[in-house]
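[1] Here is my input, please return the structure:
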Amino acid sequence: MGYHSITPFGRTEKSVRTALEQRSPPNLSPCQLDKWQILRDLTESRTSFGLSDRDITVLQALLSCHPDTRLDASGSLIVHPSNETICTRANGMPCSTMRRHLAKLISEGFLIRRDSPNGKRYTRRIAGTKIAFGFDLSPMLHRAAEIAQAAESCRTEAVKRATLRQTISLLRRDLLALLDLAKLDHHDSLKLGQMADLAAATTKAMRRKLDADTLSRIEAALREAVDTMTRFVGYETMKPSSNDARNEQHQQNSNKESQDSESAQIPAATTELVNDNSKHHEYTVTEKALPTLPPLRLVLGTCTEIAIFDPEPIADWSDLVRAADKVRPMSGISEAVWHEAKSVLGIEQAATAFCAMLQRFSEIRNPGGYLRSLVARARQGTFSPMRMVMALQPKTT
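    Okay, the predicted model is just below:
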């Protein structure tokens, strides 16, 4: 019994068109759904529907006026609170502001006005039948699937953005570390300035809320920058092999290592596996000369930090190697990296490099990575412990 008017009170052209566009379709009624779950989904996807948080606040106030937790299309979904009640439940929102957001919800199709002949909101019973005039919540029920799908898309997008931001943060940290490493190696290039500008621009951009496409472009630029800087500082990533290391590289030392004599500077030998025409495998040993070793007095006079960490007297190279072996675990350099450094550089050269690193330890963010980069440069024949020590000498004018 009763009649729901098509046109709202006031009968403006815009309001009539909106009301006609939002008439409920004559399809089957949807099942009962939790009104608060629909509201939570709409809160997550509100930007997809052009709604603000204040719009959601007004909608929440209207939903709280519905007595049941679940919305049921077979029952009445019309609520008829006064403006004062809506403003109170919207955390004291001004009435003019509330009406503006209420109009936005109606225009976006989340509410339908069911106006009485005089435009008032009320309910009455006629012959046992309840007739209500106010705001119809049925669009929330009919659009629940659409709202849930939009919320899922927003959650997926949020996870993607969070992952990209995390990746960008890690790439930026690596880029800054590589820039510091290049500066420690006294590289001076226009490329370093460009990379520093990229890192600074990334820091500034990440203060804003960026979309996934912008974040993807920043990530691609940082990946390229990190790869470029990795090649620039001469760091080579050691890729593990499925074969045993003995089958790839054989190191031969004709004399026994001794830390008690200057004759311990025996160059490491590298071998190559050669196939001859008789199908025999033979090992050809090629010796590489180690870099020039600076005088011990120069090392101790320039790198004074080693004496602070190890107060025992250092009289010869064996004492310096012993001190480096003792202090090395405190620096965060792993045993594997230290063993590789001594194998490639030689024990005295490795101890010299460690003493020079210890002298500028506060400027080195990743000691293990820095020492590994020195090893990589030594493999290429570009590492000089003499140059490294002399760089620590105070500059005179």
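[2] what about Met386, neighbour count?
    Residues contacting Met386 under the criterion other CB atoms under 10 Å number 16. All C-beta atoms are positioned from the backbone trio N, CA, C, and that covers glycine.
[3] which one is it nearest to, not counting chain neighbours?
    Pro294 (4.5 Å; CB to CB, 6 or more residues apart in numbering).
[4] do the same with Leu33
    Distances taken as CB to CB, 6+ apart put Ala144 closest to Leu33, at 5.2 Å, once the chain neighbours are dropped.
[5] Run a quick neighbour tally on that neighbour.
    Residue neighbour count, defined by other CB under 10 Å, stands at 20 for Ala144.
[6] can I assume it is in contact with Trp36?
    No: Ala144 is not in contact with Trp36 according to CB atoms under 8 Å; the separation is 11.9 Å.
[7] can you pull the pLDDT of the residue nearest to Leu33?
    According to the prediction, Ala144 has pLDDT 89.
[8] In three-state terms, label Arg124 for me.
    strand (DSSP: H, G, I helix; E, B strand; the rest coil).
[9] contacting residues around it?
    Contacts for Arg124 (CB atoms under 8 Å, 6 or more residues apart in numbering) come out as Lys130, Ile131.
[10] distance of it from Lys130?
    Relative to Lys130, Arg124 is positioned 8 Å away (CB to CB, to the nearest Å).
[11] For the stretch 251-397 of the chain, just list every one of the strands.
    Secondary structure of the stretch 251-397 of the chain (DSSP state E, counting those that start in this stretch): strands at 269-275, 281-287.
[12] For the chain, which element, helix or strand, carries the lowest mean pLDDT?
    strand 269-275 (a mean of 28; mean pLDDT, DSSP states H and E).
[13] Where do the domain boundaries of the protein fall?
    What automatic domain parsing lists as the domains of the chain is 13-142, 155-232, 296-390.
[14] Of the ones you listed, which is nearest Gln149?
    domain 13-142 (8.5 Å; CB to CB).
[15] so how far is the closest one off the chain centroid?
    Relative to its parent chain, domain 13-142 has a centroid offset of 41 Å by CA atoms, centre = their mean, to the nearest Å.
[16] Could you single out the most deeply buried of the domains of the chain?
    Among the domains of the chain, domain 296-390 has the highest mean neighbour count (mean count of other CB atoms under 10 Å), at a mean of 18.
[17] Ends of that one, what's the gap?
    Length of domain 296-390, first residue to last, CA to CA, to the nearest Å: 13 Å.
[18] now it: mean pLDDT?
    Mean predicted confidence for domain 296-390 is 86.
[19] If you count contacts, what does the longest helix along the chain end up packed against?
    Scanning the chain for the longest helix, with DSSP state H as the assignment, gives helix 144-184. Applying 3 or more CB pairs under 8 Å, 6 or more residues apart in numbering; DSSP states H and E, we find helix 144-184 packed against helix 35-44, helix 190-205, helix 212-232, helix 367-380.
[20] Go again with 6 Å.
    helix 35-44, helix 190-205, helix 212-232 (3 or more CB pairs under 6 Å, 6 or more residues apart in numbering; DSSP states H and E).
[21] Out of those helices, the one nearest Arg165 is which?
    Nearest of those to Arg165, taken as CB to CB: helix 212-232 at 6.4 Å.
[22] Tell me the helices and strands packed up against the closest one.
    Helix 212-232 is packed against helix 144-184, helix 190-205, with contacts defined by 3+ CB pairs under 6 Å, 6+ apart.
[23] Point me to the residue sitting closest to the centre of this structure.
    With distances taken as CA atoms, centre = their mean, Gln166 lies nearest the centre of the chain, 0.7 Å away.
[24] Give me the pLDDT for that residue.
    What the model reports as pLDDT for Gln166 is 91.
[25] what's the answer for the one 10 residues further on, then?
    The predicted structure scores Leu176 at 87 on the pLDDT scale.
[26] same thing with the one 3 residues further on?
    pLDDT, the model's per-residue confidence, is 84 for Leu179.
[27] Quick one: residues contacting it.
    Neighbouring residues of Leu179 by CB atoms under 6 Å, 6 or more residues apart in numbering: Met195, Ala196.
[28] 8 Å - rerun?
    Leu192, Met195, Ala196, Ala199, Met229.
[29] Please verify my assumption that the second one contacts Met229.
    Yes: when contacts are counted by CB under 8 Å, Met195 is listed as touching Met229 (6.0 Å).
[30] Spit out the residues that contact the two alike.
    What both Met195 and Met229 touch, as defined by CB under 8 Å, 6+ apart, is the set Leu175, Leu178, Leu179.
[31] Rebuild those as CSV, extending it with distance to Arg372.
    Shown next, in CSV, are the shared contacts of Met195 and Met229 (distance: CB to CB, whole Å):
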residue, distance to Arg372
Leu175, 18
Leu178, 13
Leu179, 17
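[32] just those now: which is nearest Gln60?
    Nearest to Gln60 among these, counting by CB to CB, is Leu175 at 45.0 Å.
[33] Tell me the pLDDT of Leu170.
    pLDDT, Leu170: 91.
[34] Provide a list of residue ranges in the stretch 51-200 of the chain with pLDDT below threshold.
    Residue ranges of the stretch 51-200 of the chain with pLDDT under 70: 126-129, 185-191.
[35] now do 90
    Scanning the stretch 51-200 of the chain for pLDDT under 90 picks out 66-83, 103, 106-145, 158, 174-200.
[36] secondary structure class for Gly134?
    strand.
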